[in-house]
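Colleague: kindly return the folded structure for what I paste below:
(chains A and B)
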Amino acid sequence: MDISSIFDISAAGMNLERQRLEVSALNLANANTTRGADGLPFTPLQVVVRSGMSPFDAVLNALNGGASLSGAGPIGEVQASDVPPRQVYEPGHPDADANGFVSYPGVNSVSEMVRLIAVTRAYEANVRVFNAGRAMAMKALDIGSGR
Amino acid sequence: MIDPVTAIGAQLPAIESAPATQPPYTDFAAWLAQQVDDVNTKISQADTQVRQLAVGESTNIHQVMISLEKARMSLELVVQVRNKVLEAYQNMMQMQV
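Modeller: All right, here's what the predicted structure looks like:
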């Protein structure tokens, strides 16, 4: 059934939004982490999204008349974002440098909150697409039963 | 300029009187059995995923829901096919001889 490729694409979208939410949660939870495993302050992460369709898939798909887009869903990669750390003057802190400044991770709470809203809405959009595909398939099964 | 009127037959592609090859014979019973098998596989997959979610092995809720929906739709398709077959059978049985 061709509808299932719609479901696969929606599932890829939902997976991506879940990953973005996970990264936002990690950033917000570590907003005050001054010492990670490597002794440095926590580095804020970001999700970089690329298309799941490789050039080979694209050529093959074009040869088949664009029949299936099943593998074309987005793929997210978690990368460190190069935001400079936030310097706070706390001379008594054990992680303070010689001048008494502590490096906090450069997590921007406001933009993380905005991302939270965007992620929720994008997830809902994917669910809406899934439901539309399911409704179409169910409607197709109703063909001929209107007697 | 307007083209002169020509015979229609020259414009139309030749209509084949009969298909050149017979359509491949397919066994309906085998097809239905395979579909039922397919539905069974999908339902058992969904069941496994629900169980994994319940015991905490999997955290992918939407994947579980999508599997459940796929199983439900496959079942619906097979049920509709069965309805049509039964309807045809009953029509045959009610035929006046």
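Colleague: how about stretch A:111-126: buried residues?
Modeller: The neighbour-count check on stretch A:111-126 (16 or more other CB atoms under 10 Å in any protein chain shown) flags A:112, A:115, A:119, A:122, A:123, A:126 as buried. Placement of C-beta: from N, CA and C, glycine included.
Colleague: now for the residues you listed, which pair is the farthest apart?
Modeller: A:112 and A:126 (20.9 Å; CB to CB).
Colleague: confirm residue A:50 sits in a strand?
Modeller: Yes - counting by DSSP: H, G, I helix; E, B strand; the rest coil, residue A:50 is part of a strand.
Colleague: ok, and the closest non-adjacent residue to it?
Modeller: residue A:75 (5.8 Å; CB to CB, 6 or more residues apart in numbering or on different chains).
Colleague: how about the nearest residue to the residue in chain B positioned nearest to chain A, chain neighbours excluded?
Modeller: As assessed by CB to the nearest CB, chain A sits closest to residue B:62 within chain B, at 4.5 Å. Once flanking residues are discounted, residue B:62 sits nearest to residue A:14: 4.5 Å by CB to CB, 6+ apart.
Colleague: and what of residue A:123?
Modeller: residue A:17 (4.2 Å).
Colleague: so who does the one you found touch?
Modeller: A:119, A:122, A:123, A:126 (CB atoms under 8 Å, 6 or more residues apart in numbering or on different chains).
Colleague: C-alpha coordinates for stretch A:16-24, PDB please?
Modeller: Taking Å, rounded to 0.1, in the frame of the first residue of the first chain, the C-alpha atoms of stretch A:16-24 are listed here in PDB:
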ATOM      1  CA  LEU A  16      13.300  14.300  14.300                       C
ATOM      2  CA  GLU A  17      11.100  16.600  16.500                       C
ATOM      3  CA  ARG A  18      11.500  14.200  19.400                       C
ATOM      4  CA  GLN A  19      15.300  14.400  18.900                       C
ATOM      5  CA  ARG A  20      15.200  18.200  18.800                       C
ATOM      6  CA  LEU A  21      13.100  18.200  22.000                       C
ATOM      7  CA  GLU A  22      15.600  15.900  23.600                       C
ATOM      8  CA  VAL A  23      18.500  18.300  22.800                       C
ATOM      9  CA  SER A  24      16.500  21.300  24.100                       C
END
